[in-house]
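Q: Give me the fold of what follows.
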Amino acid sequence: MNSKKKENPFFTILFKIIDLVGATSLFVIFSLPLITSGASLSALYYTIRRNIREEKNHVWNCFWHSFKMNLKQGMGLTVIFLAAAVILMGDIAAVRTLAEGGRISSGFSFLFYAVAALIAVYANWVFIYLSRYDNTVKATLKNAFIISVSNLPVTLIMLGSIVVTVIVVALMPITLIIMPGLAAWIMSYRAEKVFEKYSDD
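A: Down below sits the predicted model:
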């Protein structure tokens, strides 16, 4: 590639957008089997950090390296969060049924939606942590929880990014090829500052 193109701000931004779409597309594809979505999310974050931000390697090499390295543990963690999601969905369905019968207020369902949002942002921390550190499932869950609680402002920013991403993708499905990666990119700037406090990596 021509060195002048590399130094040109237009081409720099263009190539980063192309890489971002590529990384996000890989994330979507490798998340199609829900059980691998956790490892896929870790790989997306790893790729954002190593390739798009630091320009260390090619998108595919970064993504595949992280995905295969964290696949086994990522699947175990994904099962845990999927189980929690199923339980929450059952609770929400039960609340709606009771509300329709006039037994309780339909407002109770918002409580479960709030819990779902908290679990989603916690899961996000877990898989970001997984993308950086090799640890047991128990230690990963514990450390990610401590980090999420100890850094509430960053956790709230992550929650906002997740909510915005879900809304935008719901309204414009085509944005699925870039919004998750864009959200991960935005979150990475805050998350990396947090991790700098805990390690020199």
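Q: Any regions of the protein where pLDDT drops low?
A: Counting by pLDDT under 70, the low-confidence segments of the chain come to 1-7, 52-57, 105-106, 199-201.
Q: centroid residue for the protein?
A: Most central residue of the chain, judged by C-alpha distance to the mean C-alpha position with CA atoms, centre = their mean, is residue 124 at 4.5 Å.
Q: And that one, how close does it get to residue 185?
A: Look at residue 124 and residue 185: by CB to CB, to the nearest Å, they are 13 Å apart. C-beta coordinates here come from the backbone N, C-alpha and C atoms, glycine included.
Q: how far does the longest helix seen in the chain sit from the chain's center?
A: When the chain is parsed with DSSP state H, its longest helix is helix 59-100. For helix 59-100, the separation from the chain centroid amounts to 11 Å (computed by CA atoms, centre = their mean, to the nearest Å).
Q: check contacts around the residue lying closest to residue 64 once chain neighbours are set aside.
A: Excluding its sequence neighbours, the residue lying closest to residue 64 (CB to CB, 6 or more residues apart in numbering) is residue 43, at 7.6 Å. When contacts are counted by CB atoms under 8 Å, 6 or more residues apart in numbering, residue 43 touches 26-27, 30, 62-64, 66-67, 70, 131.
Q: now the residues you listed: which count as buried?
A: Of all those considered here, the ones buried according to neighbour count by 16 or more other CB atoms under 10 Å are 26-27, 30, 62-63, 66-67, 70, 131.
Q: pretty sure residue 82 is touching residue 34, no?
A: Yes. With contacts counted by CB atoms under 8 Å, residue 82 reaches residue 34, the gap being 6.5 Å.
Q: Who has more neighbours out of the two?
A: The residue with more neighbours, out of residue 82 and residue 34 and counting by other CB atoms under 10 Å, is residue 82; that gives 15 against 12.
Q: Next one: the more buried one from residue 104, what distance?
A: Distance of residue 82 to residue 104, given as CB to CB: 27 Å.
Q: so the residue lying closest to residue 81 once chain neighbours are set aside is in which element?
A: Closest residue to residue 81 in three dimensions, ignoring its sequence neighbours and counting by CB to CB, 6+ apart: residue 123, at 4.8 Å. Here residue 123 is covered by helix 108-132, with elements defined by DSSP states H and E.
Q: Residues contacting that helix, please?
A: Contact partners of helix 108-132, identified using CB under 8 Å, 6+ apart, comprise 38-39, 41-43, 45-46, 49, 66, 70, 73-74, 77, 81, 84-85, 88, 91-92, 95-96, 99, 135, 140-141, 143-145, 147-148, 155, 158-159, 162-163, 187, 191, 195, 201.
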